[in-house]
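*Asks:* Fold the following.
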Amino acid sequence: MSTLEEAVRQAAGDHLEAIQAEVGRLPEDDRLVTTELTEENTARLLVRMSAEGPAGSQIVSALSPSFTDLPGTEIEWEVGTSALAEALGSSGPPIVVEIAGQSLPDLRAAATSLRDSLATREELWNVRSSFEGGPPELRIELDRAMADGLGVDLETIARVLQSALDGRKVTLLSVGDEERHVVLSLPQPRPEELAGLRFTSSAGADLVLGQVARFVPTEGAREVFRRDQRRVAQVTARITEGSDYPRAIAAANDAISSTELPPGLIVRLAGEEEERERATGELRLAGLLAIVLVLMVLAGTFESLLQPLTVLFAIPLALIGVACTLGPLGRPVGVMALLGLIVLAGVAVNDAVLLIAAARRLMAAGVERRAALARAAAIRLRPILMTTLTTVLVLVPLAAGAGEAAELRSPMAYTIIGGIVTSTLGSLLVLPCLYLILAGRGRGTRRTEAEV
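*Replies:* Okay, here's the model as predicted:
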């Protein structure tokens, strides 16, 4: 333990804020909020790093090769939640696979098979199951044929074990106004001595437990979750450094589809993926509602449907810029990018509104439609470019930021920058042509705004 602690101190350097070592089973204390069932020959090292220090995965990658060959020792690494996960309101490992069923043996077998399958994927590391690392258990298997022949049932076995392990309440002792149970107990037997416990059957035969039952040592479940009145086993994993979340999810789905599981079990991705799907659905609805509200405002302002439809065409033009920005950078369209798209739905139409409003005033003054659009583009060129330039310059620090928090804000900044640049170019070059096409199909090719 001291060797590992010293190695952690050297790897962390000045970025180490706190370190806590726990060796063996913790003593019973009423001040403890939670109780963990762990074996006695275990130790735990908790390390807290500063925000400027290396990531937890980097510390694990640097130290794990030095401790893989320790004889008779099993070392498990667990990295805490990141700033990104906390900002998104999620905690725990990013990859969580839930297996729902009723039979604990089936859940254990499925969790073990899926854990082994996920561990072979290079995109994932630190794959763990909710069944591993649990406390040791001694399972009692009754020999039905022998027990029926000797007149022994499960209730008799349970009473014998309860009396040997917990004692038996034999009477009540009255002390003043209080009554206390008197418990008769014997020296507690060791696990290997349970098979030799003697008892008398209902038929009066003198027997030992080993004649009618077998004691099988097994590993219990560390945690048993429940969802929708079904038992749930969890297999968790973290993303390998150098990989990204979409590739890790694809690897997890491939491992799930290629793993043969017992029938009757339901497997699904939970954790951050479940939160991402829910957030994506809500953001899609918010984006659709934003477009409808913008259309309503424009229709009420222009008192027409021609100009609002022309202005709204700036949004598809902005999507071209988003694709040209996120695609070469290899950034997926995540939650923050979707937030940027919703912001873009309101920002991208600003330049088109300036252009169409100026053209309407010129056409109302008697200027021909084509000439009015050309003159409006020239008049509004400087305000449009200044508006776009200030917006882009404000977002550049967010897009170019470094550190873990940049993963949270940079996708939104890149989305808005790419979209607003192409929407500006489209407002100056494409939207006037579209306005002429729509107006020509509506009421002719030469009309004033007063006639519209």
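
*Asks:* Check this protein and tell me which residue is nearest its centre.
*Replies:* Centroid-nearest residue in the chain: residue 272, 1.7 Å away (criterion: C-alpha atoms, centre = their mean).

*Asks:* Can you show me the strands along the stretch 201-350 of the chain?
*Replies:* For the stretch 201-350 of the chain, applying DSSP state E, counting those that start in this stretch gives strands covering 206-208, 213-219, 225-227, 230-239, 266-271.

*Asks:* Could you list every helix and strand in contact with the first one?
*Replies:* It stands for strand 206-208. Applying 3 or more C-beta pairs under 8 Å, 6 or more residues apart in numbering; DSSP states H and E, we find strand 206-208 packed against strand 198-200. For every residue, glycine as well, the C-beta is placed using N, CA and C.

*Asks:* From residue 54, how far off is the closest residue to residue 302 other than its chain neighbours?
*Replies:* Excluding the flanking residues, the one nearest residue 302 by C-beta to C-beta, 6 or more residues apart in numbering is residue 308, at 6.0 Å. The spacing between residue 308 and residue 54, counted by C-beta to C-beta, to the nearest Å, is 52 Å.

*Asks:* One more: residue 279?
*Replies:* Taken as C-beta to C-beta, the span from residue 279 to residue 54 is 29 Å.

*Asks:* okay, the residue nearest to the centre of the chain: pLDDT?
*Replies:* Looking at residue 272, its pLDDT stands at 75.

*Asks:* surely it meets residue 236?
*Replies:* No. In this structure, residue 272 is not within contact of residue 236 by C-beta atoms under 8 Å, at 10.8 Å.

*Asks:* list the contacts for residue 331?
*Replies:* 337, 410, 411, 414 (C-beta atoms under 8 Å, 6 or more residues apart in numbering).

*Asks:* which residues of the stretch 151-300 of the chain score low on pLDDT?
*Replies:* Within the stretch 151-300 of the chain, the segments meeting pLDDT under 70 span 222.

*Asks:* Domain map for this protein?
*Replies:* 1-77, 136-219, 304-443 (automatic domain parsing).

*Asks:* Looking at the ones you listed, spot the one closest to residue 289.
*Replies:* Residue 289 lies closest, by C-beta to C-beta, to one member of these: domain 304-443, at 9.2 Å.

*Asks:* so for that closest one, what's the average pLDDT?
*Replies:* 84.

*Asks:* May I see the strands of the stretch 201-350 of the chain organised as CSV, with distance to residue 125 and mean neighbour count added?
*Replies:* Putting the strands of the stretch 201-350 of the chain into CSV (distance: least, C-beta to C-beta, whole Å; neighbours: other C-beta atoms under 10 Å) gives the following:
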stretch, distance to residue 125, mean neighbour count
strand 206-208, 49, 14
strand 213-219, 23, 13
strand 225-227, 23, 12
strand 230-239, 6, 22
strand 266-271, 16, 16
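
*Asks:* how about CSV for those strands, with distance to residue 191 added?
*Replies:* Shown next, in CSV, are the strands of the stretch 201-350 of the chain (distance: least, C-beta to C-beta, whole Å):
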stretch, distance to residue 191
strand 206-208, 15
strand 213-219, 7
strand 225-227, 28
strand 230-239, 26
strand 266-271, 35
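
*Asks:* Tell me which of those strands lies nearest to residue 418.
*Replies:* strand 230-239 (26.0 Å).

*Asks:* relative to strand 266-271, how tilted is that closest one?
*Replies:* 50 degrees (axes from the mean of the first three to the mean of the last three C-alpha atoms, to 10 degrees).
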